[in-house]
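In: take this sequence and fold it.
(2 chains)
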Amino acid sequence: MNWPQTMLGAAGPHARGVESLWWLFFWVTTAVYVLVLIAAVLATVRRNRPVDPQDPAASRRAGVAIASATGVSLVLLFILLISSVRTGRYSIQGLADPSHINIKVTAQQWWWNVEYESTIASQRVRTANEIHIPVGRPVLLKLQSTDVIHSLWVPNLAGKKDLIPGQEAAFWIQADREGVYRGQCAEFCGHQHAHMALLVIAEDSGKYAMWLESQRRPAADPPDEMAKRGRDVFLSAPCVMCHSIRGTGAGGRTAPDLTHLASRLTLAAGTIPNTPGHLAGWITDAQGIKPGTRMPTIGINGEDLQALLKYLQTLK
Amino acid sequence: MPADAASPAAIYDDRAVLEETWRPPAGLMGVLSAVNHKLVARRFVVTTMVFFLLGGLLALLMRWQLRRPENTFIGPDLYNQLFTMHGSTMMFLFAVPIMQALGLYVVPLMIGTRNIALPRLNAFGYWVFLVGGVFLYVSFLLNMGPDAGWFNYVPLSGPEFSPGHRIDTWAQLVNFTEIAALVGGIELIVTIFKLRAPGMSLNRLPLFCWAQLITSFMVIFAMPAVMMASNFLALDRLVATHFFNPAEGGDAILWQHLFWFFGHPEVYIIFIPALGIVSSIVETFTRRPVVGYTAMVLSLVSTGFIGFGLWVHHMFATPIPQMGQSFFTAASMMIAIPSGVQIFCWIATIWLGRPQWKTPFLFVLGFIAIFVLGGLTGVMLASVPLDLQVHDTFFVVAHFHYVLIGGAVFPLMGGLHYWFPKMTGRMLHETLGRWTFTLLFIGFNVTFFPMHLLGIHGMPRRVYTYVPDTGWGPMNALATAGAMIIGFSVLLFLVNAAWALRRGALAGHNPWGAATLEWATSSPPPAYNFHPLPVVEGRSPLWDRSADAPSVIGIRSDCREVLVTRVLDAEPDHKVEMPAPSIWPFVSAMCLGGMFVATLFTPWGFVVGAVVATIPVIIWFWPKESDHAGRAYRHDRSNERAA
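Out: Model prediction:
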């Protein structure tokens, strides 16, 4: 689960602009800081002080020094201001491109619903906590929230954007390097704000197209008896109240779509890796792993659990 | 005073008469009805320090939880309460009120008068504040501590996502503390404008008083915004109005604008008085007035104005048009200029003066080293693209602790070491003071510097834990170790204070050889502050005092009379009699507190409470013979003696 989550490892044009702006600010402010510290230390420890601390000539010279230092600060601030506004303008407008992909991201306590839009119903894809994007192509994220304010932040690709209930925000991202980039909700959103992560998976366009194609398919039929039993367990348990698996009767919309659960890297919005052991733990003790999560603790016997796990692992 | 009758000369002993006139009444009634500014301000300082310790304790608990990934020391429910309580305590119950409390103590002394203007209002403000603070912590112990952050963003804090009374507690806390802040601000403005010693024209006003004056104006313009917002929120929650409910035509972003229109000036409301403290300490411990008085004053004033023009930089991730973003970026960067001017002026003062290596001065040096770094990361945060990366991460936590601890707590600690002898009559231990400084400086940087790196490497704020693979563990462990050092240094300060109260060297009038008027009277000052009342001849009254310095005469000693001077030139204007102690401010504050607490549970709490709370106010302001009892009593006694 060791995916990068840092603003200093830009993997897209937006983050790269900010990264170079960061280094400009860093060196200018560091220089100012060092100079001020040197001046303060010298002022404190210097010898040969004037006999009269209120000597008018010395005070006048001090006035000139203060005015000059203020003038230099003003010029530096102006340079920083201009470069900041220029970078900002680029990151807002630079990516708009007609060949872009539209993805709707809806935040809720405490996970991310991701929908690939299409005019054709069968082409639509719904997944959770993972956004797959092709490298080199701009992506327009349409951000919404169904409950409180959240904030989308994948630092290797771009800065933050708030997701505000009742408003839709448009946000451009683009990756120009393959990789898995971790992001996290950045606006305090209640109990499990700490465990509301997501992954952006940037792939070359061939892999991306294959992924999208496989996601468009409904869930495959269970290949064996045990998996079949697992499906029956799923469909007769409370799972179907909230989750959906396309191709079965499960159509709940308030929790992550599980049609291709086994293809995902993490569970519970980046809280634990997607392994059978963690999945079993999550099903039987979600409240222990992520206290306060909307996923209830499911009472289920051992055999049913094994069957359910078997079935969920077939959902590639 | 039985001795009076025996010795006719004593009748004319002005000091004894003044003592009798200004003495706070005895007994429990006297404690509750005291109006002397030093008494009230001392209670204020002690109370806010208690809240500082409580807020710090909460911070240590949080640091203990974050010291390693997936720690289970504290769960999310308590952690969210902890950081909300920590922020609210430090902002509402410590930083703003302690700066005001220091002003309420020092300003009347520094400008050479006998008491603060509107002394009963002052007592009222303290009692309201006390009830509010106790109310918050009692609620916390009853598992009703607010848990949606000190900023309480809706809709998370609205009725749908935060049922129960936790958020109502926060909304009422704001009412309590902002009423206290507002009345304090009004008292300080009136005091500074109308009660200055003759000769202290505005261009001779000490920089500390300028800082308090500007802060008080900021309080008056900023606090109503948050009171309005929190009452809207309380109404949304209590009687289902829809100010912030998007589904019914309300607006979630409106809350953020109202809150930050208060919230950003709030930072300067904490910081500007600290600048005043720094100026006082620099002047005293370099043995010369601060270079560039006019530049300093104009910097303070412009900080006060610009401080109201940058609240949107807390909201760059919300939909704000680009033009607006650029404006707020420019404003946020430009506020660095007046702060820079002041830093340059202090460095020039130290350069020209003769630095004395005493504890208060060390805190000023620490302030420069830490605050300048925090100011520079503030310039980074003003830039929209950079802010969008580090906003709501630990980088911001590091930034504002550098400006608030570096920019306010360091000067405050310096100020407490500086004025402790004046307030108590005894000196703090110098060696212990230096250790307090050293440990605080090291502990602070070990705690908060790593947080810059955590923020850059992706750690968001307000998380109760984090997964191990993020690699944030070691830096967090370091920060936790630093927090323990901070805790130890604060403990050392308390030990020093407790020791000094009993064993500290006697301070005398002016242990530091300072220039301002509070050092012209004994330590601690008598209830009437000065005898005789001083006249000011320059910007550094005690250094500029000529051999035949005049003093004020013709102010009655047998009643609480003070001299009122003109706003600009401090020419004597008229005399006025100050109100005597009264129990009614206390009763009013208790009734008001009852109303706020009752309103938590039912709208009827407001209806009934408003009536109950108005009655003592009416009694308080009802003209009474007994208000002048002191004078009448004196008249009678002089008549007796004459006979």
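In: quick one: residues contacting the residue lying closest to residue B:367 once chain neighbours are set aside.
Out: The spatially closest residue to residue B:367, leaving aside those adjacent along the chain, is residue B:410, at 4.1 Å (CB to CB, 6 or more residues apart in numbering or on different chains). C-beta coordinates here come from the backbone N, C-alpha and C atoms, glycine included. Shown here is residue B:410, whose contacts under the criterion CB atoms under 8 Å, 6 or more residues apart in numbering or on different chains are B:363, B:364, B:366, B:367, B:370, B:371, B:440.
In: any chance you could map the strands in chain A?
Out: Listed in chain order, the strands found in chain A under DSSP state E are A:101-108, A:111-116, A:125-128, A:130-134, A:139-145, A:150-152, A:161-163, A:169-173, A:179-184, A:197-203, A:266-267, A:272-273.
In: export the contacts of residue B:410 to CSV and append columns for secondary structure.
Out: As requested, these are exported to CSV (DSSP: H, G, I helix; E, B strand; the rest coil):
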residue, secondary structure
B:363, helix
B:364, helix
B:366, helix
B:367, helix
B:370, helix
B:371, helix
B:440, helix
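In: just the buried ones from these, in ChimeraX syntax?
Out: When burial is assessed using 16 or more other CB atoms under 10 Å in any protein chain shown, the buried subset of these is captured in ChimeraX by this command:
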select /B:363,364,366,367,370,371,440
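In: run through the chain and note the low-pLDDT ranges.
Out: Went with chain A since none was named. Within chain A, the stretches with pLDDT under 70 are A:91-96.
In: try chain B instead
Out: Across chain B, the ranges flagged by pLDDT under 70 are B:1-12, B:625-643.
In: residue of it nearest chain A, please.
Out: Scanning chain B for the residue nearest chain A gives residue B:388, at 2.7 Å (criterion: CB to the nearest CB).
In: ok, that residue touching residue A:160?
Out: Yes: counting by CB atoms under 8 Å, residue B:388 touches residue A:160, with 5.0 Å between them.
In: shared neighbours, those two?
Out: Counting by CB under 8 Å, 6+ apart, the residues touching both residue B:388 and residue A:160 are residue B:317.
In: so which residue is dead centre in the chain?
Out: No chain was given, so I picked chain A. Of all residues in chain A, the one closest to the mean position by CA atoms, centre = their mean is residue A:183, 2.7 Å from it.
In: um, chain B though
Out: Geometric middle of chain B (CA atoms, centre = their mean) lands on residue B:99, at 2.5 Å.
In: going toward the C-terminus from the helix or strand hosting that residue, what's the next helix or strand?
Out: Using DSSP states H and E, the element containing residue B:99 is helix B:96-110. Toward the C-terminus, helix B:96-110 is succeeded by helix B:119-141 as the next helix or strand (DSSP H and E).
In: give the buried residues for that following helix.
Out: Residues of helix B:119-141 classed as buried under the neighbour-count rule (16+ other CB under 10 Å) are B:119-133, B:135-137, B:139-140.
In: got it, and stretch A:126-140?
Out: A:126-135, A:137-140.
In: also stretch A:234-254?
Out: Of the residues in stretch A:234-254, those buried by neighbour count under the rule 16+ other CB under 10 Å are A:234, A:237, A:239, A:240, A:242, A:243, A:244, A:245, A:246, A:248, A:250, A:252.
In: can you give me the end-to-end span of that stretch?
Out: Distance across stretch A:234-254, first residue to last, is 16 Å (CA to CA, to the nearest Å).
In: quick check, that stretch touching chain B?
Out: No: Stretch A:234-254 lies out of reach of chain B by CB under 8 Å from any CB of the partner chain, never closer than 15.3 Å.
In: packing partners of the top helix by length along chain A?
Out: Of all the segments assigned as helix in chain A under DSSP state H, the longest by residue count is helix A:56-93. In terms of contacts (3 or more CB pairs under 8 Å, 6 or more residues apart in numbering or on different chains; DSSP states H and E), helix A:56-93 is packed against helix A:13-45, helix B:322-334, helix B:336-352, helix B:359-382, helix B:384-390.
In: count the neighbours of whichever residue of chain A sits closest to chain B for me.
Out: Using CB to the nearest CB, the single residue of chain A nearest to chain B is residue A:159, 2.7 Å away. Each residue near residue A:159 was counted by other CB atoms under 10 Å in any protein chain shown, and the total is 27.
In: what's the following helix or strand after the helix or strand encompassing residue B:258?
Out: Here residue B:258 sits within helix B:252-286, counting by DSSP H and E. Moving toward the C-terminus from helix B:252-286, the first helix or strand encountered (DSSP H and E) is helix B:293-306.
In: now the angle from that following helix to helix B:322-334?
Out: Using axes from the mean of the first three to the mean of the last three CA atoms, to 10 degrees, one finds that helix B:293-306 and helix B:322-334 are set 150 degrees apart in direction.
In: and helix B:293-306 with chain A, contact?
Out: Yes: contact of helix B:293-306 with chain A (CB under 8 Å from any CB) involves residue B:295.
In: now, which of the contacts of residue B:410 sits nearest residue A:271?
Out: If you rank those by distance to residue A:271 using CB to CB, residue B:370 comes first, at 36.5 Å.
In: what ranges does the stretch 451-600 of chain B have for its helices?
Out: Using DSSP state H, counting those that start in this stretch, the helices of the stretch 451-600 of chain B run over B:473-503, B:541-544, B:584-599.
In: which strands and helices lie in contact with the first one?
Out: Using 3+ CB pairs under 8 Å, 6+ apart, the elements in contact with helix B:473-503 are helix B:37-66, helix B:410-424, helix B:430-456.
In: does the first one reach chain A?
Out: Right, the one you point to is helix B:37-66. No: where contact is defined by CB under 8 Å from any CB, no part of helix B:37-66 touches chain A; the two come within 10.2 Å at best.
In: in that helix, what's buried?
Out: B:37-45, B:47-49, B:51-52, B:54-56, B:58-59, B:61-63, B:65-66.
In: cool, stretch B:224-234 as well?
Out: The neighbour-count criterion (16+ other CB under 10 Å) identifies B:225, B:226, B:227, B:229, B:230, B:231, B:232, B:233, B:234 as the buried residues of stretch B:224-234.
In: same check, this time on stretch A:56-66
Out: In terms of neighbour count (16+ other CB under 10 Å), stretch A:56-66 has its buried residues at A:58, A:59, A:62, A:65, A:66.
In: got CSV for those residues, with distance to residue A:154 too?
Out: Supplementary listing: those in CSV, determined by distance: CB to CB, whole Å:
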residue, distance to residue A:154
A:58, 56
A:59, 54
A:62, 50
A:65, 46
A:66, 45
